[in-house]
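Colleague: The amino acid sequence is not available; the structure is as follows:
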């Protein structure tokens, strides 16, 4: 795969810690948010698993905590969601 020149790349901004991983994820069709999460996880040495793994214990969290997490990631419509809907939205994001 040919490497894009810096003039054709868009700067993802200062919040993205690994620009190359970010660009590779965007080229594969990942959303900006997902690409940034994966790029930052890789830069911090905590590469997300590719398959499987234990799901986060969202069911054990309060609705308030789920709402706060949804707010951090920018999930739209969170204020009208039930606890189950918040869990689904967080897992699908």
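Modeller: Ah, there it is. This is a predicted model, so every value here is computed, not measured. Residues are numbered from 1 along each chain as shown.
Colleague: distance of residue 71 from residue 64?
Modeller: Here residue 71 is placed at a distance of 11 Å from residue 64 (CB to CB, to the nearest Å). For glycine as for every other residue, the C-beta is placed from the backbone atoms N, C-alpha and C.
Colleague: all helices for this protein, in order.
Modeller: 19-27, 32-43, 63-73, 83-92 (DSSP state H).
Colleague: Now tell me which of those the model trusts least on average.
Modeller: Lowest mean pLDDT within the helices of the chain: helix 32-43, at a mean of 80.
Colleague: residues in contact with that one?
Modeller: Helix 32-43 is contacted by residues 12, 15-19, 21-23, 25-26, 30, 47-48, 73-74, 93 when judged by CB atoms under 8 Å, 6 or more residues apart in numbering.
Colleague: any idea how far it is from the chain center?
Modeller: 6 Å (CA atoms, centre = their mean, to the nearest Å).
Colleague: Same list, the helices of the chain, but as CSV with mean neighbour count please.
Modeller: Below are those laid out as CSV (neighbours: other CB atoms under 10 Å):
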stretch, mean neighbour count
helix 19-27, 17
helix 32-43, 17
helix 63-73, 14
helix 83-92, 15
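Colleague: middle-most residue in this structure, spatially?
Modeller: residue 34 (3.5 Å; CA atoms, centre = their mean).
Colleague: what sits against the nearest residue to residue 73 once chain neighbours are set aside?
Modeller: Nearest residue to residue 73, sequence neighbours excluded (CB to CB, 6 or more residues apart in numbering): residue 93, at 5.7 Å. Taking CB under 8 Å, 6+ apart, we find residue 93 in contact with 33, 73, 75.
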